[in-house]
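# Please work out how this folds:
(one chain, ligands or ions: 2)
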Amino acid sequence: MILWTKHFETGFAQLDQQHRLLIDNINLLEEQLDHSNPSKEELAFAIHLVEYLEAYANIHFNGEEKCMESYRCPAHEKNQQEHERFRGFIREYKRHCEVEGFNLGLLRKLHQAMREWIEDHILKVDTSLRTCITLPPPPPPA
Ligand SMILES: [Fe+2]
Ligand SMILES: [Fe+2]
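Ligands and ions are numbered 1, 2, ... in the order given. Purely as a prediction, here's the structure:
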């Protein structure tokens, strides 16, 4: 379970809000996986949750990358690379589901990877934005 703290703040309210929502949903997935013997409905919900997380993360990544780019944040490239790594976790999970069929172990592994990634990523990469917004705002796009 990830608990939100001020250390996660980027200085951009909208990005922080999106991070909170991503964390809430990763925590929710953890709750679903805590059941040792989930029902069919609980499993279906967890699988849908992954779809939702994937779509929402992509929306967030696109907006955040544009924000970092416009503020010329030095972490911009690293941020893009790390987002791609996150997408890779889901790609890998789906590939395994296709090859060997869905099983709870695959979903648990995916959750663990996402949980570790998001905490580390926000703290080490996304929060680099904090130092950038003290600079003058970027010029409007040409
Ligand atoms: Fe990011
Ligand atoms: Fe982010």
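# Look at Asp24 and say how many residues are nearby.
When neighbours are defined as other Cβ atoms under 10 Å, Asp24 has 12 of them. Every C-beta, even on glycine, is put in place using the N, C-alpha and C of the backbone.
# Show me which residues of the strand or helix carrying it are buried.
Using DSSP states H and E, Asp24 falls within helix 13-34. By neighbour count on 16 or more other Cβ atoms under 10 Å, the buried set for helix 13-34 is 15-16, 18-19, 22-23, 25-27, 29-30, 32-33.
# show me the contacts for Asp16.
Applying Cβ atoms under 8 Å, 6 or more residues apart in numbering, we find Asp16 in contact with Phe8, Glu9, Thr10.
# Get me the contact residues on the chain for ligand 2.
Glu64, Asp126 (Cβ under 5 Å from the ion).
# Do you have the helices of the chain handy? List them.
Along the chain, counting by DSSP state H, helices occupy 13-34, 40-70, 76-100, 104-124, 129-132.
# Redo those helices as CSV? Include mean pLDDT and distance to ligand 1.
Converted to CSV, the helices of the chain look like this (pLDDT from 0 to 100; distance: least, Cβ to the ion, whole Å):
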stretch, mean pLDDT, distance to ligand 1
helix 13-34, 95, 8
helix 40-70, 95, 5
helix 76-100, 97, 5
helix 104-124, 97, 6
helix 129-132, 92, 9
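# Distance to Met1 added to these, as TSV?
TSV is the format used below for these (distance: least, Cβ to Cβ, whole Å):
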stretch	distance to Met1
helix 13-34	5
helix 40-70	15
helix 76-100	19
helix 104-124	9
helix 129-132	25
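# Tell me which of those helices sits nearest to Pro140.
Distance to Pro140, taken as Cβ to Cβ, is lowest for helix 40-70 among the helices of the chain, at 9.5 Å.
# in the closest one, what counts as buried?
43, 46, 49-50, 53-54, 57, 60-61, 64-65, 67-68.
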